[in-house]
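Student: One predicted model, sequence on top.
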Amino acid sequence: MSPETAPFHELAHRGALILSGDDHRTFLQGLVSADIRTVTENHSAWTALLTPQGKFLHEFFIYQHGSTLLLEGERERLEDLQTRLLRYRLRARVTLESAPDLAVFGTLPPFHGPLKNLNHAGDTTAFGDGIACMDPRLPAGGIRIVASRQAISETGLPTTDMAEAAWEQNRIRNGLPDGSRDIEPEKGFLLEYGFDELGGVDFRKGCYVGQETTARMKWKHLTKKRLVPLRGEGKTMPQSNSPITLPDGQVVGAIRSSTPDETGTGFLTMGVVRLDAIQATDLCCNTMRLKPCPPAWLRLPDNR
């Protein structure tokens, strides 16, 4: 691959909705965990929709595109996201439509062309008929592009296909959750999955659906488990929801998403692990040994 070639990976499991109308910003602001007043043509956000009890329903990215907002979420669950948001419409003047012509792509360094100007989390720029954004959670997450497939070919950047494993390895190493693959809907709480440290929740914005529970967990330190990357030995990857145990068989967590590692002799996986076991050196899943690899951004109880 030449040094000026941009490797793109199409995130086929992600898609977009378009939110528009006179009230679209105030409508969304009262529903989701992030402060969307920070979303501009130059800055994007990551957020979540919760149940009234504060349990996770959807995570998605918010990008300003002209006079509308693009909501990038899990493609197979976009209809559910659309339905749940519109339940709160009442008299709000908003329209929420699917965007089947838009695809989602990811790319990792080195960046070229207009992508070189994106340096900080959330930095956003126009890209063809869509947008490009440095991951609002963490710059190490790479750049996300929401645009038509034709726009990618018309950028003038020589492109190659990035292997899915390369994107997934980077995502998991950095501890970045990917929708319901990592967060079980109607069961997980935001602070268990890094939304605090990764900017997906704002504790000063005021009310939103599920805000009371989320704030109580924050201020009373009620979080008992966290999503954390783990390295495993062997070429056979564990299935999602497989139990994570101590040597004595005590269950301390569960496997979420996984991918082969860089060497091809092991795997990387996300696991929801009890706080008292996150730094254990002897975790396992069935007969596979697991090593927790908490990212630098993750705040554990002794360094809140």
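Tutor: Nice, thanks for sending it over.
Student: hmm, who's touching stretch 185-198?
Tutor: Here stretch 185-198 makes contact (CB atoms under 8 Å, 6 or more residues apart in numbering) with 33, 46, 48, 50-51, 54-58, 137-138, 175-177, 182-183, 200-201, 213-214, 217-218, 223, 225-227, 272, 297-299. Backbone N, C-alpha and C define where each C-beta goes, glycine included.
Student: Buried ones among the residues you listed?
Tutor: Buried subset of those (neighbour count, 16 or more other CB atoms under 10 Å): 33, 46, 48, 50, 54-58, 137-138, 175-177, 182-183, 200-201, 213-214, 217, 223, 225-227, 272, 298.
Student: helices or strands up against the helix or strand hosting residue 227?
Tutor: Element membership for residue 227, per DSSP states H and E: strand 225-233. On a contact count with 3 or more CB pairs under 8 Å, 6 or more residues apart in numbering; DSSP states H and E, strand 225-233 meets strand 251-260, strand 266-274, strand 288-292.
Student: Using JSON lines, lay out these together with mean pLDDT and distance to residue 113.
Tutor: Output for the helices and strands packed on strand 225-233, formatted as JSON lines (pLDDT from 0 to 100; distance: least, CB to CB, whole Å):
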{"stretch": "strand 251-260", "mean pLDDT": "97", "distance to residue 113": "28"}
{"stretch": "strand 266-274", "mean pLDDT": "97", "distance to residue 113": "30"}
{"stretch": "strand 288-292", "mean pLDDT": "95", "distance to residue 113": "38"}
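Student: So which of the buried ones among the contacts of stretch 185-198 sit within strands?
Tutor: With strands taken from DSSP state E, the overlap with these comprises 46, 48, 50, 56-58, 225-227, 272.
Student: got the CA coordinates for stretch 28-46 in PDB?
Tutor: What follows is stretch 28-46, C-alpha atoms only, in PDB (Å, rounded to 0.1, in the frame of the first residue of the first chain):
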ATOM      1  CA  LEU A  28     -33.400  15.400  20.900                       C
ATOM      2  CA  GLN A  29     -31.800  17.400  23.700                       C
ATOM      3  CA  GLY A  30     -34.500  16.300  26.100                       C
ATOM      4  CA  LEU A  31     -34.200  12.600  25.300                       C
ATOM      5  CA  VAL A  32     -30.500  11.600  25.100                       C
ATOM      6  CA  SER A  33     -27.500  11.600  27.500                       C
ATOM      7  CA  ALA A  34     -25.100  13.900  25.700                       C
ATOM      8  CA  ASP A  35     -25.500  17.700  25.400                       C
ATOM      9  CA  ILE A  36     -26.300  18.200  21.700                       C
ATOM     10  CA  ARG A  37     -25.800  21.900  22.000                       C
ATOM     11  CA  THR A  38     -22.100  21.000  21.400                       C
ATOM     12  CA  VAL A  39     -22.900  19.500  18.000                       C
ATOM     13  CA  THR A  40     -22.000  21.900  15.100                       C
ATOM     14  CA  GLU A  41     -20.700  21.500  11.600                       C
ATOM     15  CA  ASN A  42     -17.200  21.200  13.100                       C
ATOM     16  CA  HIS A  43     -18.000  19.000  16.100                       C
ATOM     17  CA  SER A  44     -20.000  15.800  16.700                       C
ATOM     18  CA  ALA A  45     -21.100  13.800  19.700                       C
ATOM     19  CA  TRP A  46     -21.700  10.300  20.900                       C
END
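Student: mind listing what's buried in it?
Tutor: 28-36, 39, 43-46.
Student: nearest to residue 250, of the residues you listed?
Tutor: residue 33 (32.7 Å; CB to CB).
Student: right, and the helix or strand after the lowest-mean-pLDDT helix or strand in the chain?
Tutor: Counting by mean pLDDT, DSSP states H and E, the chain has its least confident helix or strand at strand 159-161, which shows a mean of 65. Per DSSP H and E, strand 159-161 leads on to helix 164-173 as the next helix or strand towards the C-terminus.
Student: Before I go, just wanted to say thanks for your time.
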